[in-house]
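Q: Requesting a structural model of the entry that follows:
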Amino acid sequence: MTGLLPVEGFAQLEIPVPNFHETDRFQIHRARCTGTKAFRNSGSTNDWVWVQTGGEANYGALRGHIVARLLALFRIRNILREATAVHRLALLRILDPINGGRFHIPSRHIHVGNRINGRDMRIVSIGAVIGQAKVIPSGRKQWIVNHRIDLRMFNEIY
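A: Predicted coordinates:
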């Protein structure tokens, strides 16, 4: 046995998101991730997603959620164990909330930006990816989080 584990890549993650007020019904968010490969004869597509990382006390008004860009989706099989373990993972580039995750007073939105310390890559279980995020570019390496477009996230934040 060489110690190498088989890895399989994917281009789309289907995320079941509970409907607002109907938690027994779900919408499917399809987050696409092509890495550096072209998507439908145009540039690469790496969608923005919400990631649950901590408790409600983390990240100010974001309450434990962070915004990240999907860079890769993959599955690793640990065939070195008797009972083969499968890990479904996502490679993300995470953004930090600006101003501690507090609302920007004039816009009433939360702003996020590239991490200052440069340690912006993270591998998480795909279960931590809880939905698609909507962000709007706002200056150099900053984005406005449009939490009002998704009623479920609007209620999570307010």
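Q: what ranges do the strands span in this protein?
A: Ranges of strands in the chain, per DSSP state E, are 7-10, 12-19, 22-32, 48-52, 65-78, 85-97, 110-114, 121-125, 129-132, 135-137, 142-145.
Q: Any idea which residue is closest to the centre of this protein?
A: With distances taken as C-alpha atoms, centre = their mean, residue 49 lies nearest the centre of the chain, 3.1 Å away.
Q: Could you tell me how far that one is located from residue 30?
A: With distances taken as C-beta to C-beta, to the nearest Å, residue 49 is found 11 Å from residue 30. All C-beta atoms are positioned from the backbone trio N, CA, C, and that covers glycine.
Q: Now for those two: what residues contact both?
A: In terms of C-beta atoms under 8 Å, 6 or more residues apart in numbering, residue 49 and residue 30 are both contacted by the residues residue 15.
Q: ok so, going back, redo the strands of the chain as JSON lines? Include mean pLDDT.
A: Output for those, formatted as JSON lines (pLDDT from 0 to 100):
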{"stretch": "strand 7-10", "mean pLDDT": "85"}
{"stretch": "strand 12-19", "mean pLDDT": "83"}
{"stretch": "strand 22-32", "mean pLDDT": "83"}
{"stretch": "strand 48-52", "mean pLDDT": "88"}
{"stretch": "strand 65-78", "mean pLDDT": "89"}
{"stretch": "strand 85-97", "mean pLDDT": "89"}
{"stretch": "strand 110-114", "mean pLDDT": "82"}
{"stretch": "strand 121-125", "mean pLDDT": "91"}
{"stretch": "strand 129-132", "mean pLDDT": "88"}
{"stretch": "strand 135-137", "mean pLDDT": "86"}
{"stretch": "strand 142-145", "mean pLDDT": "84"}
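Q: Confirm for me that residue 89 is in contact with residue 129.
A: No. Using C-beta atoms under 8 Å, residue 89 makes no contact with residue 129, being 10.1 Å away.
Q: In terms of neighbours, single out the busier of these two.
A: residue 129 (22 against 17; other C-beta atoms under 10 Å).
Q: from memory that one sits against residue 33, does it?
A: No. Assessed by C-beta under 8 Å, residue 129 is found out of contact with residue 33, at 10.2 Å.
Q: about what we covered before: might you report the residue contacts of the residue nearest to the centre of the chain?
A: Residues counted as contacts of residue 49 (C-beta under 8 Å, 6+ apart) are 15, 31, 67, 68, 69, 70, 92, 129, 130, 131, 132, 133.
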